[in-house]
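Asks: Here you go, sequence then predicted model.
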Amino acid sequence: MLSGGFAQYPVKDAEGKVLGVVTKSDLLNKMGKKAVQPTDTIKDLINKELRNVSSTVTLNELNRVLVRNQFVLVDKKYLVTTTDLLKTFTGFVAPESPWKA
């Protein structure tokens, strides 16, 4: 997390299905409460509360969803955050984005 500069990472199973997300804030919260140990597995840290949307959703609706959620899962495949949405509006769209031109 620190070297990659990301605050959350999707966790996938062997087939590539997204199981949930591990976030920096959840990890720090659990560390502060001593609720996580170095021997815990990633499975113990997963936040499984993912809001799913379709890539056909408008960017305006996506924005409304992101106001209430840290991230959303698009087409059960892409993890999208407010940073991704801002990049889309400012003209920087990652090649793997479902909203690329």
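Replies: Structure's in. What do you need? Nothing here was measured: the structure is a model prediction, and the numbers come from that model. Residues are numbered from 1 along each chain as shown.
Asks: now the end-to-end length of stretch 42-49.
Replies: The first and final residues of stretch 42-49 sit 15 Å from each other (CA to CA, to the nearest Å).
Asks: So what touches that stretch?
Replies: Here stretch 42-49 makes contact (CB atoms under 8 Å, 6 or more residues apart in numbering) with 11, 19-23, 26-27, 30, 36. In this view, the C-beta of every residue, glycine as well, is placed from N, C-alpha and C.
Asks: what's the closest of the residues you listed to residue 61?
Replies: Nearest to residue 61 among those: residue 21, at 20.7 Å, using CB to CB.
Asks: Report the secondary structure element holding the closest one.
Replies: Residue 21 is part of strand 18-23 when elements are defined by DSSP states H and E.
Asks: Check the offset of that strand from the chain's centre.
Replies: For strand 18-23, the distance from its own C-alpha centre to the chain's C-alpha centre is 7 Å (CA atoms, centre = their mean, to the nearest Å).
Asks: And the helices in the chain?
Replies: Taking DSSP state H as the criterion, the chain carries its helices at 24-32, 59-68, 82-89.
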